[in-house]
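**Student:** could you look at this predicted model? Sequence included:
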Amino acid sequence: MGKFQRSVGLIIFGLAAGAAILLWTVVAAGGPTAGKAPTEGVMFGLWRVRYDTEAPSPRVITAAFAVAVLCAAGVAVLERRIANRARRSDDSGASPLAPKVVMAETFGVYAGPVTVTVLIPAHNEEASLPFTLASLIEQSHRPERIIVVADNCTDSTVSVARAAGVEVFESVGNKNKKAGALNQMIARFLPEQGENDLVMVMDADTTLDDGFLEGVVKRMTDDRALMAVGGLFYGEEGSGLLGQFQRNEYIRYARELRRRRGRVFVLTGTASVFRPRALATVAASRGNLLPGANGAVYDTAALTEDNELTLALKSLGALMISPQQCTVVTEVMPSWRALWVQRLRWQRGALENLGAYGVTRPTLRYWLQQLGIGYGVIALATYLLLILLMVLSLDAWVWFPFWIGLGLLFTLERVVTVWRGGWRARLLGLALFPELAFAMFLNVVYVKGIFDIAFGRQAGWHYEPHAADVAATAGEPA
Amino acid sequence: MRLPTGALLPESVLRSDAFAILAAFVAINTLVYVLLAVAKMLPKIYFSDWVKRSNRRSQTRSIHPHRRES
């Protein structure tokens, strides 16, 4: 790993800290006056309360409004401009998967109807595999072929697959886990596929909702320049409060994608579909246009191979979408330990992939996203510090009507954005503080990830217990 | 009614300049995050829908080469 790659986390966090220091300096230069003592009042003739009506000046509120609009609109405009540029590119050298290039190359040729072959990489998945297979067989558009890619299995994954009547490919001498097993399989399989013979890669702990494949086939039939369709994932039932935290997170992510009209952040490893041209072009572009070994579809050096493949496809100008109709249900981590391992892996993977690609137009959105998370860590930490200082210094509780009002708005957002998740999701959003604590947990993971990369520490994802192992193959939200 | 809370630090901490800066810093951040949260709650406006598009498809993108664009 190069110096730049190693310091990528520190660079991002340094930039976020720089922004925070800048704001701090501006605030200090403005010379905020120390607050007056709170007022004491009597409510309903009985209840004596101390309250502080202090609210920020209109100037501060305006400035905050401007910053919020600038951040949100700036990122949106930037992303749109970059996407349009890729969409209009006709440079077959730099953007071999750009729609114009693909359209020109496939003009006037009918390569047959759209077919779907599902590849399911599986490492000891005998328990969940039957459900995954059933969800495929029950699809309104049944896949033409289902192939379980068994990788170093020591349980009965292979016999479970054979009993279900699907094909099995066993990896040979693979030391590169999921990505390595898929590369072996795809290298043999891909050359036989026609332009419209889609390849779907799907985790063995995931089940497809009905209509997924029908939606994929329709879109891929209507648009031959469309290179990939990603699934929207929801968390399975169970695992109590910890499960609910993750379900809420996934519901918000799916909502965000709907509001983006399906514009992809990450083609999730839980279930994504590719045109063979997309995979073949990625394999051929590695070692020159893209990082990784030439000829390999998946970069085996990447911790999050689904995120890496998304960056690869975007870098080549590929058009991709996550339609509302294409939903999957995936596993939630059953313990804090497993969640810690999963998220550390996602976080490190995302940062390392950015380091491998550098700052380019297609990756700019992802750099900004990481910067946003970095700033969020500082913002939440200083917020908690402020609350802590107040709790430790005040000898009586003081009410702040202005800030309580804002808190209520924030709580409302937590509830509205998980509305589709049902009453349990809403209740957890309404409680606000548990989700703040969960956010803090994720922030700690973020900081840990940065330090692990910077100081070259190996995360302990190599053959963890099953839950963690499964975590290693899950998709990546935001 | 006076509720006994922390009082581990002197209340004068809250009157210090450093605390005032921290409070103002947190206030601006909180306002920004709340505004972003409000934007996330409200229905999204798609400005591009209002603009007359010049990039309508001029030919079919279907896998069937002679299908007319619907």
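**Tutor:** Thanks, I have it.

**Student:** and the most centrally placed residue in chain B, what does it touch?
**Tutor:** In chain B, the C-alpha nearest the mean C-alpha coordinate belongs to B:Leu36, at 1.9 Å (C-alpha atoms, centre = their mean). The neighbourhood of B:Leu36, defined by C-beta atoms under 8 Å, 6 or more residues apart in numbering or on different chains, consists of A:Ala68, A:Cys71, A:Ala72. From N, CA and C alone the C-beta is placed, and that goes for glycine too.

**Student:** quick one: pLDDT of residue 38?
**Tutor:** As the question left the chain open, I've gone with chain A. Here the pLDDT value assigned to A:Pro38 is 71.

**Student:** was after chain B, sorry
**Tutor:** Predicted confidence (pLDDT) for B:Val38: 91.

**Student:** count the neighbours of it for me.
**Tutor:** Residues within reach of B:Val38, counting by other C-beta atoms under 10 Å in any protein chain shown, total 15.

**Student:** flag every buried residue along the longest helix anywhere in chain A.
**Tutor:** Criterion DSSP state H: the longest helix present in chain A is helix A:361-393. For helix A:361-393, burial by neighbour count (16 or more other C-beta atoms under 10 Å in any protein chain shown) applies to A:362-363, A:365-371, A:373-380, A:382-383, A:386, A:389-390, A:392-393.

**Student:** give me the distance from that helix to the chain's centre.
**Tutor:** Relative to the mean C-alpha coordinate of its chain, helix A:361-393 is positioned 18 Å out (C-alpha atoms, centre = their mean, to the nearest Å).

**Student:** which residues of the stretch 151-300 of chain A fall in helices?
**Tutor:** Secondary structure of the stretch 151-300 of chain A, counting by DSSP state H, counting those that start in this stretch: helices at A:157-163, A:177-189, A:212-222, A:240-259, A:276-285.

**Student:** dump the ones you listed to JSON lines, plus mean neighbour count and distance to chain B.
**Tutor:** Formatted as JSON lines, these follow (neighbours: other C-beta atoms under 10 Å in any protein chain shown; distance: least, C-beta to the nearest C-beta, whole Å):
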{"stretch": "helix A:157-163", "mean neighbour count": "18", "distance to chain B": "31"}
{"stretch": "helix A:177-189", "mean neighbour count": "21", "distance to chain B": "21"}
{"stretch": "helix A:212-222", "mean neighbour count": "21", "distance to chain B": "6"}
{"stretch": "helix A:240-259", "mean neighbour count": "19", "distance to chain B": "5"}
{"stretch": "helix A:276-285", "mean neighbour count": "22", "distance to chain B": "12"}
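
**Student:** output the ones you listed as CSV; include the columns mean pLDDT.
**Tutor:** Below are the helices of the stretch 151-300 of chain A laid out as CSV (pLDDT from 0 to 100):
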stretch, mean pLDDT
helix A:157-163, 93
helix A:177-189, 93
helix A:212-222, 95
helix A:240-259, 95
helix A:276-285, 96
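
**Student:** ok, back up a step: give me the subset of the buried residues of helix A:361-393 touching chain B.
**Tutor:** Among the buried residues of helix A:361-393, the residues that sit close to chain B (C-beta under 8 Å from any C-beta of the partner chain) are A:Ala379, A:Thr382, A:Tyr383, A:Leu386, A:Leu389, A:Met390, A:Leu392, A:Ser393.

**Student:** ok, back up a step: would you say the residue nearest to the centre of chain B is within a helix?
**Tutor:** Yes: the assignment for B:Leu36 is a helix, going by DSSP: H, G, I helix; E, B strand; the rest coil.

**Student:** from B:Ala27, how far off is it?
**Tutor:** 15 Å (C-beta to C-beta, to the nearest Å).

**Student:** over to A:Ile11?
**Tutor:** 28 Å.

**Student:** the two: which has the busier surroundings?
**Tutor:** Remark: of A:Ile11 and B:Ala27, B:Ala27 carries more neighbours, 24 against 20, as counted by other C-beta under 10 Å.

**Student:** where does the spatially closest residue to that one that is not a sequence neighbour land on pLDDT?
**Tutor:** Of all residues not flanking B:Ala27 in the chain, A:Pro56 sits nearest, at 5.1 Å (C-beta to C-beta, 6 or more residues apart in numbering or on different chains). Looking at A:Pro56, its pLDDT stands at 78.

**Student:** list the contacts of A:Pro56.
**Tutor:** A:Ala64, A:Phe402, B:Ala24, B:Ala27, B:Ile28, B:Leu31.

**Student:** in what helix or strand does it lie?
**Tutor:** Using DSSP states H and E, A:Pro56 sits within no helix or strand.

**Student:** CA atoms of stretch A:246-256 as PDB?
**Tutor:** Output in PDB follows, covering the C-alpha atoms of stretch A:246-256 (Å, rounded to 0.1, in the frame of the first residue of the first chain):
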ATOM      1  CA  GLN A 246     -29.500  -1.500  11.300                       C
ATOM      2  CA  ARG A 247     -33.000  -1.800   9.800                       C
ATOM      3  CA  ASN A 248     -33.600   1.900  10.400                       C
ATOM      4  CA  GLU A 249     -30.200   2.700   8.800                       C
ATOM      5  CA  TYR A 250     -31.100   0.600   5.700                       C
ATOM      6  CA  ILE A 251     -34.600   2.100   5.500                       C
ATOM      7  CA  ARG A 252     -33.100   5.600   5.400                       C
ATOM      8  CA  TYR A 253     -30.500   4.600   2.800                       C
ATOM      9  CA  ALA A 254     -33.200   3.200   0.600                       C
ATOM     10  CA  ARG A 255     -35.300   6.300   1.100                       C
ATOM     11  CA  GLU A 256     -32.400   8.400   0.100                       C
END
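
**Student:** chain center to it: distance?
**Tutor:** Chain-centre distance of stretch A:246-256: 10 Å, with C-alpha atoms, centre = their mean.

**Student:** any residues touching that stretch, and which ones?
**Tutor:** Where contact means C-beta under 8 Å, 6+ apart, the residues beyond stretch A:246-256 that reach it are A:232-235, A:239, A:327, A:332-333, A:339, A:417-418, A:420-421, A:425, A:428-429, A:435, A:477-478, B:40.

**Student:** how does it look with 6 Å?
**Tutor:** A:232-235, A:332, A:417-418, A:420-421, A:425, A:428, A:477-478 (C-beta atoms under 6 Å, 6 or more residues apart in numbering or on different chains).

**Student:** show me which of these neighbour chain B.
**Tutor:** Applying C-beta under 6 Å from any C-beta of the partner chain to those, one finds that nothing falls near chain B.

**Student:** quick check: the farthest pair among those residues?
**Tutor:** Spatially, the most separated pair among the contacts of stretch A:246-256 is A:Leu232 and A:Leu428, at 20.5 Å (C-beta to C-beta).

**Student:** how about the residues of chain B near chain A?
**Tutor:** Residues of chain B found near chain A (C-beta under 6 Å from any C-beta) are B:1-3, B:5-9, B:11, B:13-15, B:20-22, B:24-29, B:31-32, B:34-37, B:40-41, B:44, B:61-63, B:65.

**Student:** in PyMOL, select just the buried ones from these.
**Tutor:** If you want just the buried ones from the residues of chain B next to chain A in PyMOL, going by 16+ other C-beta under 10 Å, the selection is:
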select buried, chain B and resi 14+20+21+22+24+25+26+27+28+29+31+32+34+35+36+37+40+61+62+63
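
**Student:** thank you, goodbye.
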